[in-house]
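> Structure for the following, please:
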Amino acid sequence: MKITFVNPGFEKMIESIMMFQTEGESPYWSDSLFHFFPKLNQDVFQTLDYNAKKQYILNEMKEIYQEQESLINEKVVKYNRHWRRYRPQIEEALSDAFQVDTHQLFNDLRAEISLNPVSPRFLKDQYFQVFYLNSERGALGISLHEMIHFLWFHVWNQIFHDNYDEYERPTLKWILSEMVVECIMRDERLSSINPYFPRENGGCVYDYFQDMRLGDKMALDVIEEYYQCGNIRKFMQDSYAYCQKHEEEIRVHISKAEEQF
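Numbering: from 1, shown residues only. Predicted coordinates:
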């Protein structure tokens, strides 16, 4: 696996930001922008239609980008250097976790350093985004999370032979892919270089998974038990069956949690 961190340019960042500012988007996804950039007037923003919202963001964020462009370009160098330092142990750990030779996979992944506080990933186009305020360690932690997604669905697709369009929010397959990150990240070769691990440091899964109880057990504890089988394919099948069984409870929990940032 190989990641190349890049500055994608201002317009690409705005496109990414606007993905999470559509009508009906929950505060959990939309409000981080206003948290990190208090210059933006959220009250004014909410009165606008989509096109006007995009123009408002373009106008207000342009100055911010110009102020931060040199810092972003510096981080391109720092993030790439930090990634190269740990690439061998990451490849070994992920090869063991997914039972594939990761050295031969995803050798053209692109990591775009962005003004978007949300870090989306794009499976088909093989790139993801990292918020520019991350340190080198933080950027690597985010990248580990995203690499797990790319490998998860690479193996998943070989088992289920489904469509990559089914792997996006808010499908159950997307939900499961987010839930499993923590148990895979427990490998010392990964957790030791991820500043967001363990949960006390922020966690490497969304917080609403950390307190999710399904039946009489915590959901992530059950996922961890399944992972201990030592067979990634069986783990995928068993954990997905578990989520299918509890889908209604899962969706109610997530919906309530996403009502606020």
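
> Settle this for me: L48 is touching N59, isn't it.
No. Taking contacts as CB atoms under 8 Å, L48 lies outside contact range of N59: 11.7 Å. No exception for glycine: its C-beta is placed from N, CA and C like everyone else's.

> Show me which of those two is the more surrounded one.
Between L48 and N59, counted using other CB atoms under 10 Å, the more crowded position is L48 (14 against 9).

> who's in contact with the more buried one?
Residues near L48 by CB atoms under 8 Å, 6 or more residues apart in numbering: Y56.

> right, and the secondary structure at it would be what?
Counting by DSSP: H, G, I helix; E, B strand; the rest coil, the backbone at L48 sits in coil.

> same question, E112
strand.

> how many neighbours does it have?
23.

> So what sits opposite it in the bridge?
Beta bridges link E112 to V6, Q129, judged by DSSP bridges.

> Would you map the helices across the protein?
Per DSSP state H, the chain carries helices over the ranges 10-18, 27-30, 32-36, 42-45, 50-98, 136-160, 172-179, 181-185, 188-191, 207-210, 219-227, 232-245, 247-257.

> Of the ones you listed, flag the one that's most buried.
helix 181-185 (a mean of 22; mean count of other CB atoms under 10 Å).

> Please report how far the closest residue to E136 other than its chain neighbours lies from H149.
Nearest residue to E136, sequence neighbours excluded (CB to CB, 6 or more residues apart in numbering): H82, at 3.9 Å. H82 is 20 Å from H149, where distance means CB to CB, to the nearest Å.

> next one: K78
Taken as CB to CB, the span from K78 to H149 is 23 Å.

> isn't D96 right next to D187, touching?
Yes. Look at D96 against D187 with CB under 8 Å: they come within range, at 7.4 Å.

> quick one: contacts for the residue nearest to E136?
E136, R137, A139, L140.

> Name the nearest of those relative to N7.
Closest approach to N7 among those (CB to CB): A139, at 13.0 Å.

> Just the pLDDT at the closest one, thanks.
According to the predicted model, the pLDDT of A139 comes to 98.

> ok, now how distant is it from E67?
A139 sits 20 Å away from E67, going by CB to CB.

> Check L220 too.
Computed as CB to CB, the L220 to E67 distance reads 40 Å.

> and the two most separated of the contacts of H82?
R137 and A139 (7.3 Å).

> In contact with the closest residue to G141 other than its chain neighbours: list those residues for me.
Of all residues not flanking G141 in the chain, N194 sits nearest, at 4.0 Å (CB to CB, 6+ apart). Remark: with contacts taken as CB under 8 Å, 6+ apart, N194 is in contact with R137, L140, G141, L144, M185, C204.

> State the distance from the fifth one to C204.
When CB to CB is applied, the distance between M185 and C204 equals 5 Å.

> same check, this time on the second one
Distance from L140 to C204, counting by CB to CB: 12 Å.
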